[in-house]
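Visitor: predicted model and sequence follow; I will ask about them next.
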Amino acid sequence: MNNYMKLTFPVLLLVASCGGEKPTKYIFDINEMQDNIATYTVSKGPMDELYCNLTSMFWTKEVMSDIKNGKEPDLENADNYTPTVLNVYEKKIEWVDFEQETPITDGKVEVTLRGKTMTYDVIRENGTFMIGSKLENLECNVPFKKGDEL
């Protein structure tokens, strides 16, 4: 039994130290996005602030759920939408409302929905967390807050 413990203990210690990463919960900060839309609109086209504001609806539970389920989002109730939640690890993101995990590779994540793959930038600067999106000439950063700050 003593030899068994000598062999088993280092393996258990290694497994416990490697698999214990806990995610940081982030929630889309819809108020920050709306209040400071110019800050989060990276591109500078004449209508880009409006378009970034409109595309920010994607980052709500209702729209993500509709997309995941193959439905058209119900924009009539946009005032009642709730922000989406992401569980962010060092090397992956768990998209709670999509029920997906995607690896972070070179500061980017790819999400595949309905056969279409979208690439987003993962931005971690000065204690902030944002997702950057680019659609043709439109470029927006989407702010998130830590879950315990809301």
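Guide: Perfect, thanks for sending it. Numbers count the residues shown, from 1 in each chain.
Visitor: what bits of this protein have low per-residue confidence?
Guide: 1-20, 148-150 (pLDDT under 70).
Visitor: what sits against Gln34?
Guide: With contact taken as CB atoms under 8 Å, 6 or more residues apart in numbering, Gln34 is in contact with 53, 56. Heads up, the C-betas are built off the backbone N, CA and C, glycines and all.
Visitor: quick one: the helices in this structure?
Guide: 2-18, 30-35, 37-40, 48-55, 61-68 (DSSP state H).
Visitor: quick one: the strands in the protein, in order.
Guide: 24-28, 85-88, 92-95, 100-103, 108-113, 116-125, 128-135, 138-146 (DSSP state E).
Visitor: pretty sure Ala122 contacts Pro103?
Guide: Rather than Ala, residue 122 is Val. No: with contact defined as CB atoms under 8 Å, Val122 does not reach Pro103; the gap is 10.5 Å.
Visitor: who has more neighbours, those two?
Guide: Under the criterion of other CB atoms under 10 Å, the comparison of Val122 against Pro103 puts Val122 first, with 18 against 11.
Visitor: so how far is Gln100 from that one?
Guide: Separation of Val122 from Gln100 (CB to CB, to the nearest Å): 15 Å.
Visitor: in stretch 117-125, what counts as buried?
Guide: With burial defined by 16 or more other CB atoms under 10 Å, the residues of stretch 117-125 counted as buried are 120-122.
Visitor: could these go into a markdown table alongside distance to Thr41?
Guide: Converted to a markdown table, the buried residues of stretch 117-125 look like this (distance: CB to CB, whole Å):
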| residue | distance to Thr41 |
| --- | --- |
| Tyr120 | 16 |
| Asp121 | 15 |
| Val122 | 19 |
